[in-house]
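Trainee: From the sequence below, what's the structure:
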Amino acid sequence: MSKQDFKRKIACIGAGYVGGPTMAIIANKCPEYKVTVVDIAQPRIDAWNSNNLPIFEPGLEERVLAARGKNLFFSTDVDSAISEADIIFVSVNTPTKTFGQGAGKAADLQFIEKTARKIKEVSKSDKIVVEKSTVPVRAADTLDQILHSGEGGPHFEILSNPEFLAEGSAISDMENPDRILIGSKETEKGLEAREELCKVYAHWVPRERLITTNLWSSELSKLVSNAFLAQRISSINSIAAICEVTEASVSEVSNAVGRDSRIGRKFLNAGVGFGGSCFRKDILNLVYLCEFHGLEEVAEYWRQVVAINDFQMSRFVKRITKAMFNTLVDKKIALFGFAFKPDTGDTRDAPALQITLGLLQERAKLCITDPHALPNAKLDLKGCEGTVDFEEDPYRAIEGAHAIALVTEWSCYKDLDFKRIYDLMEKPAFIFDGRNLLDHKALFEIGFNVYPLGKPDLKHF
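Mentor: Here you go, the predicted model:
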């Protein structure tokens with residue numbers, strides 16, 4: 001298909017964890033659409049155009065290679081992509097503010113505003129602008145005011161289309177979504193723009209899974225979805241603490257509770273805490289929204305979800321310290337996993353970072369191993385050289401170690417030769433399974449002192 005034959009032209013501003021995979025799927029499913037992903041970071045775009053993509057996601061490489069150069073393009077020419085696009089997805093970063101009013105809670109919208117100003121500056125024709133970034137409720141007002149400031153100029157219809165991708169399964173989530181949410185103004189032009197975006201997703205998503213709402217409901221639904229998922233994780237982690245002191249098993253409790261059809265089984269696995277780019281950020285954004293509108297009791301409720309998560313990470317460090325005779329000074333601990341979840345290299349807000357810093361405060365010596373996250377781990381721990389080593393091979397990581405702390409539930413860790421690992425470690429050898437991934441009885445029989453999460457200890461002394 002020649003460039004002149006494309007039915008519609010889509011631009012995505014932002015080539016990160018959301019923009020890249022989302023546009024790769026749209027390009028694969030909509031061959032008659034030209035899809036251009038733009039970013040001002042030249043190294044990131046170079047990586048998207050190479051055989052070494054900037055992010056790891058199962059199935060992503062195959063989709064990119066299938067469409068790249070045909071109807072999927074990666075570029076730093078932001079102006080050209082905006083100018084020719086009929087539909088523009090805004091997928092830029094919206095981090096938590098670190099300064100000024102709302103610091104530590106509110107979303108920093110400076111990149112959203114800069115993007116809106118760029119779209120207004122370059123555009124010569126009417127366009128549909130789609131919020132793909134996670135934004136506060138009524139952020140569409142900001143976009144609208146900027147895009148339509150001044151006199152004359154093109155008309156822009158703003159849609160909210162939040163992403164619900166889970167890293168590690170983003171491709172399957174996008175290809176077989178629970179729902180696609182599209183919010184618009186309830187005007188004639190707003191509804192027309194909504195239908196135009198529905199047509200894109202209707203290439204592969206059944207119409208009954210395309211949920212349409214007003215703009216504000218769509219924006220709020222993203223925050224609430226992540227808040228509810230994080231709430232379930234914090235809830236089961238609080239129960240894990242109770243299980244450890246009562247000798248109950250959190251796995252048995254979660255199984256019994258999850259059998260209730262009103263509750264369900266998902267997100268009831270205890271762990272060292274949630275991480276990633278969304279959960280903490282979105283909950284704090286929700287807290288700020290509640291505070292802004294004077295709903296202090298509601299704000300406090302959601303603050304506690306984050307507080308329990310922080311408590312779980314610090315509790316894991318305290319448990320390691322207590323089990324290892326109340327001192328970690330000069331003891332080597334091998335951290336198995338640094339990514340915030342398996343099947344991704346993303347370390348944003350990863351529990352492993354806070355656990356690492358906690359162990360370093362106890363003056364432990366650490367060696368971190370992870371199949372895909374070591375480059376990001378090195379960036380996160382810059383300045384800790386000399387006290388932290390990085391080793392891709394887990395067998396080399398545990399040489400001379402006093403303990404293993406399993407933080408990310410990579411499936412490959414289940415297949416390791418733990419007899420060989422035991423022989424390479426200092427004795428007594430400890431395993432702290434922060435995800436309840438391993439066979440604890442088998443490890444105990446090898447000789448390990450095993451400390452599962454939310455379950456009784458298995459120790460030889």
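Trainee: So for Leu453, what's the pLDDT?
Mentor: pLDDT, Leu453: 96.
Trainee: Quick check: it vs Val245, distance?
Mentor: For Leu453, the distance to Val245 equals 13 Å [C-beta to C-beta, to the nearest Å]. Any C-beta I mention is one placed from the backbone N, CA and C, and that applies to glycine too.
Trainee: cool, Ala401 as well?
Mentor: When distances are taken as C-beta to C-beta, Ala401 and Val245 turn out to be 28 Å apart.
Trainee: more neighbours, those two?
Mentor: Using other C-beta atoms under 10 Å as the criterion, Ala401 and Val245 rank with Ala401 on top: 22 against 7.
Trainee: wait, isn't Cys412 in contact with Thr369?
Mentor: No - in this structure, Cys412 is not within contact of Thr369 by C-beta atoms under 8 Å, at 10.4 Å.
Trainee: okay, those two: which has more neighbours?
Mentor: It is Thr369, of Cys412 and Thr369, that has more neighbours when counted by other C-beta under 10 Å, with 26 against 11.
Trainee: For the helix or strand bottoming out on mean pLDDT in the chain, which outside residues touch it?
Mentor: Across the helices and strands of the chain, mean confidence by mean pLDDT, DSSP states H and E is lowest for helix 139-147: a mean of 86. By C-beta atoms under 8 Å, 6 or more residues apart in numbering, the residues outside helix 139-147 that reach it are 90, 107, 109, 112-113, 116-117, 119-120, 129, 131, 156, 158, 160, 215-216, 219.
Trainee: I'd guessed Ile26 sits against Arg8; true?
Mentor: No - the pair Ile26 / Arg8 is not scored as a contact, 10.5 Å apart, by C-beta under 8 Å.
Trainee: Overlap of the contact sets of the two?
Mentor: Between them, Ile26 and Arg8 have 33, 200 as joint contacts when contacts are counted by C-beta under 8 Å, 6+ apart.
Trainee: Neighbour count: those two, which is higher?
Mentor: It is Ile26, of Ile26 and Arg8, that has more neighbours when counted by other C-beta under 10 Å, with 23 against 16.
Trainee: and the contacts of helix 139-147, which are buried?
Mentor: Buried subset of the contacts of helix 139-147 (neighbour count, 16 or more other C-beta atoms under 10 Å): 90, 107, 109, 112, 116, 119-120, 129, 131, 156, 158, 160, 215, 219.
Trainee: In CSV, list these along with pLDDT and distance to His460.
Mentor: Compiled in CSV, these are given as follows (pLDDT from 0 to 100; distance: C-beta to C-beta, whole Å):
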residue, pLDDT, distance to His460
Val90, 95, 57
Ala107, 79, 50
Leu109, 81, 55
Ile112, 87, 56
Ala116, 92, 63
Ile119, 95, 65
Lys120, 94, 68
Val129, 96, 63
Glu131, 93, 56
Phe156, 96, 68
Ile158, 95, 63
Ser160, 94, 57
Leu215, 91, 61
Glu219, 89, 55
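Trainee: mind listing which of those residues are in helices?
Mentor: Residues from the buried ones among the contacts of helix 139-147 lying in helices, with DSSP state H as the criterion: 112, 116, 119-120, 215, 219.
Trainee: Quick one: those residues as JSON lines, columns for distance to Glu426 too.
Mentor: Below are these laid out as JSON lines (distance: C-beta to C-beta, whole Å):
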{"residue": "Ile112", "distance to Glu426": "51"}
{"residue": "Ala116", "distance to Glu426": "57"}
{"residue": "Ile119", "distance to Glu426": "59"}
{"residue": "Lys120", "distance to Glu426": "63"}
{"residue": "Leu215", "distance to Glu426": "59"}
{"residue": "Glu219", "distance to Glu426": "53"}
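Trainee: Work out for me the element the spatially most central residue of the chain sits within.
Mentor: Taking C-alpha atoms, centre = their mean, the centroid of the chain lies closest to Gly276, which sits 3.6 Å from it. If you go by DSSP states H and E, Gly276 is not part of any helix or strand.
Trainee: cool, Asn376 as well?
Mentor: Assigned by DSSP H and E, Asn376 falls in helix 374-380.
Trainee: packing partners for that helix?
Mentor: Using 3 or more C-beta pairs under 8 Å, 6 or more residues apart in numbering; DSSP states H and E, the elements in contact with helix 374-380 are strand 388-390.
Trainee: What's the mean pLDDT across the strand it packs on?
Mentor: The predicted model gives strand 388-390 an average pLDDT of 96.
Trainee: So which residues lie in contact with that strand, not counting its own?
Mentor: By C-beta under 8 Å, 6+ apart, the surrounding residues in contact with strand 388-390 are 356, 360, 365-369, 374, 377-378, 381, 397.
Trainee: Strands of this structure, start to end?
Mentor: Ranges of strands in the chain, per DSSP state E, are 8-13, 33-38, 72-75, 87-90, 127-131, 156-160, 180-184, 210-214, 332-336, 365-369, 388-390, 403-406, 430-433, 449-451.
Trainee: Could I get the CA-only coordinates of the fifth one as PDB?
Mentor: Extracted in PDB, the C-alpha atoms of strand 127-131 (Å, rounded to 0.1, in the frame of the first residue of the first chain):
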ATOM      1  CA  LYS A 127      -8.000  16.600  14.300                       C
ATOM      2  CA  ILE A 128      -9.100  14.100  16.900                       C
ATOM      3  CA  VAL A 129      -6.800  14.300  20.000                       C
ATOM      4  CA  VAL A 130      -6.900  11.200  22.200                       C
ATOM      5  CA  GLU A 131      -5.700  11.200  25.800                       C
END
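Trainee: who touches it?
Mentor: Taking contacts as C-beta under 8 Å, 6+ apart, the residues outside strand 127-131 that touch it are 85-90, 116, 119, 139-140, 143, 147, 154, 156-162, 193, 196-197, 219.
Trainee: Let's see that with 6 Å instead.
Mentor: Judged by C-beta atoms under 6 Å, 6 or more residues apart in numbering, the contacts made with strand 127-131 from elsewhere in the structure are 87-90, 156-161, 193.
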